[in-house]
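3D model of this:
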Amino acid sequence: MKKLSILFTTILLLISAESYSQNMLKKWYISGGVHAVNHPSVRGLGEGLFETDNWSFVPPLSQISVARTLNHSFAVDLQASVGEIDNKRLSNLGVENEYMVLIGMGLRYRFANDYILKETSWFDPYLRFGANYYRMPYRGMEFNGVVDNSGDALENGAVVDNDHFALSGGLGMNFWIWPKIGLNIEAQYVAIPATKSDYIDFIQAKAGLAFRFGKNDRDKDGIVDEEDECPDTPGLKEYKGCPDTDGDKIEDRLDECPLEPCPNGEDTDEYYCVNGCKIMKEKVEEPPVAPEPPVVTPEPPKEISFEDVLFEFDRYDLTADGAQKIKEAAELIKQQGGNYFVDGFADSKGTDAYNMNLSRKRAQAVKDSLVKEGIEANRLEVRAFGEQYPKCTNDTEEGRACNRRVVVLERY
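Numbering: from 1, shown residues only. Below you'll find the predicted structure:
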């Protein structure tokens, strides 16, 4: 018995050292301690359960359990209990100081499963059901008209040998004092079906230390560090442990605006989304509408058109011919007087946003050139319409060249 206690002590120390060296995901669990058995209290629904005389106590480190978590609610375990005990129900028949062994597999239902209690709760109760090998040297004892310690006649005629199959069920509780170390208590009823009686059934209770251990998970997001690409920031499994703070289905590492939700592909009247950011759309003014001429003396608006003579494809700097055209236009504006819009247009090649920007640059280039020719800047207002309102078809090169234009239109 002393050698067995030393062996159990060594196993517990080795595993507890391992549990200190690792952060845990609560996958593995081990407990060890003392246990006691109670045969008399199986009668009458636990009668005398709290009377110490009914209990047979086993020396320290006589019970060990190893468990593995399956999911949030269930775990499987392997339990072993050993030691010299008395069947105090049958001590009058000499069943004393006998060496018992109880080894079995069990299934646990954990109440700390995030449904009933928080999975991180310090209070960790569970139900356990097991199937066991049970050895107790009854040496072929026959129960036929014999009487137990309480004077109850045992008349079923069963012959009880040394080795048995046993079923068990009960309740246990862990109290996690530290993340990896806690206290464990457990009580279960152990029944031997083959005897068809409760003469050698017993209640087993145990108490001891519990340890749990597993892989590292520094940010506690349920993804082990070796699989977590953001191990210090809680994240999501679909992004390999990295977060999506604004919940727009773009992980923060790829989201240029991680605090403002804007899913890629979203497009509204006000904005569209690129890399998780809102790109505001420019408000486009209605196309210029020529005022109705006076009834008496109708006069069309004064308009000067600068077409492909000014710009090449995808350019906004003036050509040599364009510079000459600017000089002529400046002289005409000086003669006519008045204020003017400088409206820029583009062909249909490229995106809407790009063409809008290109048409604005073309109109600005014309305005700047007119100012250099002596036209006051406050008389000229730049507007951009991109590929809107084409003058010619965009299906031919000639048509697209026609649409790369700037129009100077008198404003009233």
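
Every contact and neighbour count from this point should use C-alpha atoms.
Will do.

Sketch out the low-pLDDT regions of the stretch 201-350 of the chain for me.
284-286, 290, 293-303, 305-313 (pLDDT under 70).

so what does the helix ranked longest in the chain touch, helix or strand wise?
If you go by DSSP state H, the chain has its longest helix at helix 352-372. Applying 3 or more Cα pairs under 8 Å, 6 or more residues apart in numbering; DSSP states H and E, one finds that helix 352-372 contacts helix 320-336, strand 339-344, strand 380-384, strand 406-411.

Any buried residues in it, and which?
Buried residues in helix 352-372, counted by 16 or more other Cα atoms under 10 Å: 352, 355-367, 369-371.

Return the alpha-carbon coordinates of stretch 143-152 using CSV.
Only the C-alpha atoms of stretch 143-152 are listed here, as CSV (Å, rounded to 0.1, in the frame of the first residue of the first chain):
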residue,chain,number,x,y,z
PHE,A,143,-25.7,-15.2,1.1
ASN,A,144,-28.4,-17.6,2.1
GLY,A,145,-30.1,-16.8,5.4
VAL,A,146,-27.2,-14.9,6.8
VAL,A,147,-27.7,-11.7,8.8
ASP,A,148,-25.8,-8.4,8.3
ASN,A,149,-24.5,-6.0,11.1
SER,A,150,-28.0,-4.4,11.4
GLY,A,151,-29.7,-7.7,11.8
ASP,A,152,-31.2,-7.8,8.3
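
and that stretch, which residues are buried?
Neighbour-count burial for stretch 143-152 [16+ other Cα under 10 Å]: F143, V147, D148.

Check stretch 153-167 too.
L154, A158, V160, H164, A166, L167.

That one - what's its average pLDDT?
Averaging pLDDT along stretch 153-167 yields 86.

roughly how far out does that stretch sit from the chain middle?
The chain centroid and the centroid of stretch 153-167 are separated by 53 Å under Cα atoms, centre = their mean, to the nearest Å.

May I have that stretch as CSV, with CA atoms only?
Extracted C-alpha coordinates of stretch 153-167, given in CSV (Å, rounded to 0.1, in the frame of the first residue of the first chain):
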residue,chain,number,x,y,z
ALA,A,153,-31.5,-11.2,6.9
LEU,A,154,-29.8,-11.7,3.5
GLU,A,155,-31.8,-14.4,1.8
ASN,A,156,-31.2,-14.2,-1.9
GLY,A,157,-28.9,-17.2,-2.1
ALA,A,158,-26.2,-15.3,-4.1
VAL,A,159,-22.6,-16.5,-4.1
VAL,A,160,-20.2,-13.6,-4.3
ASP,A,161,-16.8,-14.1,-5.8
ASN,A,162,-13.8,-11.7,-6.1
ASP,A,163,-14.2,-10.0,-9.5
HIS,A,164,-17.3,-8.0,-10.6
PHE,A,165,-18.7,-5.7,-13.2
ALA,A,166,-20.0,-2.5,-11.6
LEU,A,167,-22.1,0.5,-12.7
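
Provide a list of residues in contact with I279.
Y271, Y272, C273 (Cα atoms under 8 Å, 6 or more residues apart in numbering).

what secondary structure does the last one sit in?
Same thing as C273. Under DSSP: H, G, I helix; E, B strand; the rest coil, the three-state class of C273 is strand.

As a markdown table, the helices and strands packed on helix 352-372 with distance to D114 and mean neighbour count would be great.
As requested, the helices and strands packed on helix 352-372 are exported to a markdown table (distance: least, Cα to Cα, whole Å; neighbours: other Cα atoms under 10 Å):
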| stretch | distance to D114 | mean neighbour count |
| --- | --- | --- |
| helix 320-336 | 75 | 15 |
| strand 339-344 | 63 | 24 |
| strand 380-384 | 59 | 21 |
| strand 406-411 | 67 | 22 |
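
Now tabulate the buried residues of stretch 143-152 in JSON lines and tack on pLDDT.
Putting the buried residues of stretch 143-152 into JSON lines (pLDDT from 0 to 100) gives the following:
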{"residue": "F143", "pLDDT": "80"}
{"residue": "V147", "pLDDT": "81"}
{"residue": "D148", "pLDDT": "79"}
